[in-house]
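*Asks:* pasting a predicted model and its sequence here:
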Amino acid sequence: MPDHIVLDGMVFQARHGVHDHEKVTAQRFEVDVELLLDLQPAGLEDDLERTIDYGRVYETVRTIVESTTFNLIEALAEAIAHELLSDFPALDEVVVRVRKPEIQLGGPLNFAGVQVRRRRSG
C-alpha cells in the first residue's frame with residue numbers, strides 16, 4: 001500500500017450548487033485530500049524536493065474551490081483530483097472528499113459529501 005500525505009479539513013467559502021441562491025451567496029465547503037505516493041525518498045533524505053509541497057496543494061485546491069462555480073460537488077471533486085494529478089507528477093493516486101455542511105434538504109443533516117479516488121493513467 002502506498003504512503004499517504006493527508007490535508008484534512010480545508011475550509012473555503014464558495015458558490016457551488018444547482019439552485020440560484022447557491023450561486024449568489026457563498027457558503028462553506030470542506031475539502032480533504034489524500035495524496036498517495038512513495039514517501040520513502042523524502043523520509044530518508046529529508047528533502048522537500050523528494051515529496052509534495054503541502055502549501056502548493058492547498059493553493060491548488062483553494063483556487064479551484066474559490067474561483068470556479070460548479071452545479072455539483074461531484075464535479076468540484078473531479079476537478080480537484082484532475083488538477084492535482086496534473087500538477088504533481090509524483091502522485092500515483094489521489095482521494096478527494098468534498099463536504100457541503102450548509103446544504104438545506106428539509107431536515108437535520110451534518111453535511112452532504114462526495115469522495116472520489118483517481119489514479120494516474122498510463
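*Replies:* Noted; the coordinates are in hand.
*Asks:* how far away from the center of its chain is the worst-scoring helix or strand of the chain on mean pLDDT?
*Replies:* Here the helix or strand of the chain ranked lowest by mean pLDDT, DSSP states H and E is helix 20-24, holding a mean of 89. Taking CA atoms, centre = their mean, to the nearest Å, one finds helix 20-24 lying 22 Å from the centre of the chain it belongs to.
*Asks:* mean confidence for the very next helix or strand once past that helix?
*Replies:* Later in the chain than helix 20-24, the nearest helix or strand by DSSP states H and E is strand 27-37. Averaged across strand 27-37, pLDDT comes to 97.
*Asks:* so what does strand 27-37 touch, helix or strand wise?
*Replies:* Applying 3 or more CB pairs under 8 Å, 6 or more residues apart in numbering; DSSP states H and E, one finds that strand 27-37 contacts strand 3-14, helix 54-67, helix 73-87, strand 93-100. Using the backbone N, CA and C atoms, a C-beta is placed for each residue, glycine as well.
*Asks:* out of these, nearest to Pro41?
*Replies:* strand 3-14 (10.3 Å; CB to CB).
*Asks:* ok, the closest one: who's next to it in the sheet?
*Replies:* strand 27-37 (antiparallel) (DSSP bridges).
*Asks:* which parts of the next helix-or-strand element following the partner strand are buried?
*Replies:* For strand 27-37, the following helix or strand on the C-terminal side (DSSP H and E) is helix 40-45. Neighbour-count burial for helix 40-45, counted by 16 or more other CB atoms under 10 Å, picks out Ala42.
*Asks:* hey, C-alpha coordinates of helix 40-45 in CSV?
*Replies:* Taking C-alpha atoms only, helix 40-45 is exported to CSV below (Å, rounded to 0.1, in the frame of the first residue of the first chain):
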residue,chain,number,x,y,z
GLN,A,40,10.5,6.9,1.5
PRO,A,41,12.9,9.0,-0.6
ALA,A,42,11.7,12.2,1.2
GLY,A,43,11.9,10.5,4.6
LEU,A,44,15.4,9.1,4.1
GLU,A,45,16.8,12.3,2.5
